[in-house]
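> this one's sequence-less:
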């Protein structure tokens, strides 16, 4: 059945609007897509979360026109097609939406799959394993971590780890693997089997630090599909279903989340040609993408992890590259903070109610 225009009226925007406008539509509308059209609803292109994230990686700003990120040749379905035909095409092309157009390319409907993960290798969020790395000593947060493991530091009236778990559970993720070491008994006593938090928790205990990739050798079984690995000191409200879909659609073995980091050089940068002065730029602002400590891995990646051998996640990505196994990067545009230092914790406490309660 073709949906009426009223069902997705909020998904339309004009080509002179900005990437930020498209982002608001995608985040606020249940359909998770923006349709770029003229006043007669003639389709110019579509914009999804993945389109915007790829644009961010290429240097697109949120103030830029939406046409800089839109898909100009989106998959569409003719109004005469059946729903079964449209669904088959969506599964074949791994897309979540298909605009339905008439002979004049006017949008007359939108076919979409309610479950954002339904055409990925896992059927639902509850089938995706979440591995949380919780074994670090948190030395830079002493004296707080002398009595508590870092993930159990209070934030917003409850442990940081509880906020992390709640964010996943709210999004439908249920199966957790806690990799623990330092003061693990405190984490076990608080979370137990996870049932009180709407989760199922399996504990993996490091007898010595194994690194964020080496610890994956402790997994009791092979995951059923792509799985998430995340450091236990990351505070974020990211939509993880977007991450899983991005990973699947890019057809890679591993995906690393990245975050834009800006640094202002405190001096004037002098450029020259040989000994001749060319120009000077005062205190330039430089931007980089840094590792955000969140990953999606295909189960096959685990063959590069040797049980009992320490390995950090960047080393795993380097190993994959050396083996000609493709990886991707996924820019986080939502709130993200690595709570590694005391000033980071102070920032998280200042942000908490505004981001996670308001």
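Yep, it's here. All of these numbers come straight from a predicted model, not from anything done at the bench.

> quick one: residue 234 and residue 241, what's the gap?
As judged by CB to CB, to the nearest Å, residue 234 and residue 241 stand 17 Å apart. In this view, the C-beta of every residue, glycine as well, is placed from N, C-alpha and C.

> Could you do residue 58 as well?
Distance from residue 58 to residue 241, by CB to CB: 23 Å.

> For the chain, give me the ranges with low pLDDT.
1-7, 29-31, 114-125, 358 (pLDDT under 70).

> and with 50 instead?
Low-confidence segments of the chain (pLDDT under 50): 1-6, 119, 123.

> Let me know the secondary structure of the most centrally placed residue in the chain.
The structure's the chain has its C-alpha centroid closest to residue 243; by CA atoms, centre = their mean the separation is 3.9 Å. Counting by DSSP: H, G, I helix; E, B strand; the rest coil, the backbone at residue 243 sits in helix.

> ends of stretch 133-148, how far apart?
One end of stretch 133-148 sits 15 Å from the other (CA to CA, to the nearest Å).

> Contacts for that stretch next, please.
The contact list for stretch 133-148 (CB atoms under 8 Å, 6 or more residues apart in numbering) reads 149-151, 153, 161, 178-184, 186-187, 206, 209-210, 212, 215, 229-233, 339-342, 345.

> Please flag which of the residues you listed sit within helices.
Secondary structure from DSSP state H places 161, 184, 186, 187, 212, 342, 345 of the contacts of stretch 133-148 in helices.

> okay if I get these as TSV plus distance to residue 223 and neighbour count?
Output for these, formatted as TSV (distance: CB to CB, whole Å; neighbours: other CB atoms under 10 Å):
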residue	distance to residue 223	neighbour count
161	21	23
184	22	18
186	27	16
187	22	25
212	16	24
342	35	12
345	32	23
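
> where along the stretch 1-150 of the chain do the helices fall?
Taking DSSP state H, counting those that start in this stretch as the criterion, the stretch 1-150 of the chain carries its helices at 19-28, 49-57, 83-93.

> out of these, nearest to residue 38?
Nearest to residue 38 among those is helix 19-28 (15.7 Å), distances taken as CB to CB.

> Now tell me what touches that closest one from outside.
Applying CB under 8 Å, 6+ apart, the contact partners of helix 19-28 are 10-11, 13, 32-34, 36, 47-49, 52, 55, 60-66, 68-70, 333.

> Helix 49-57 and that helix, what's the angle between them?
Computed by axes from the mean of the first three to the mean of the last three CA atoms, to 10 degrees, the angle separating helix 19-28 from helix 49-57 equals 140 degrees.

> tell me which residues in helix 19-28 are buried?
19, 21, 22, 23, 25, 26 (16 or more other CB atoms under 10 Å).

> circling back to that earlier point, so among the contacts of helix 19-28, which ones count as buried?
Among the contacts of helix 19-28, those buried by neighbour count (16+ other CB under 10 Å) are 11, 13, 32-34, 36, 47-49, 52, 55, 60, 65-66, 69-70, 333.

> Show me what the strand ranked longest in the chain is packed up against.
For the chain, the longest strand by residue count, based on DSSP state E, is strand 285-297. Applying 3 or more CB pairs under 8 Å, 6 or more residues apart in numbering; DSSP states H and E, we find strand 285-297 packed against strand 227-231, strand 234-236, helix 240-250, strand 254-264, helix 313-322, strand 327-331, strand 336-338.

> helices or strands next to the second one in the packing?
The criterion is 3+ CB pairs under 8 Å, 6+ apart, and the helices and strands that strand 234-236 contacts are helix 160-170, strand 285-297, strand 336-338, helix 342-352.

> tell me how far that strand is from the chain's mean position?
Averaging C-alpha positions (CA atoms, centre = their mean, to the nearest Å) puts strand 234-236 11 Å from its chain's average.

> strands paired with it, and their directions?
Partners of strand 234-236 in the sheet, by DSSP bridges, are strand 336-338 (antiparallel).

> What's the local residue count around the nearest residue to residue 46 once chain neighbours are set aside?
Distances taken as CB to CB, 6 or more residues apart in numbering place residue 74 nearest to residue 46, at 4.2 Å, with adjacent residues excluded. Using other CB atoms under 10 Å, residue 74 has 21 other residues around it.
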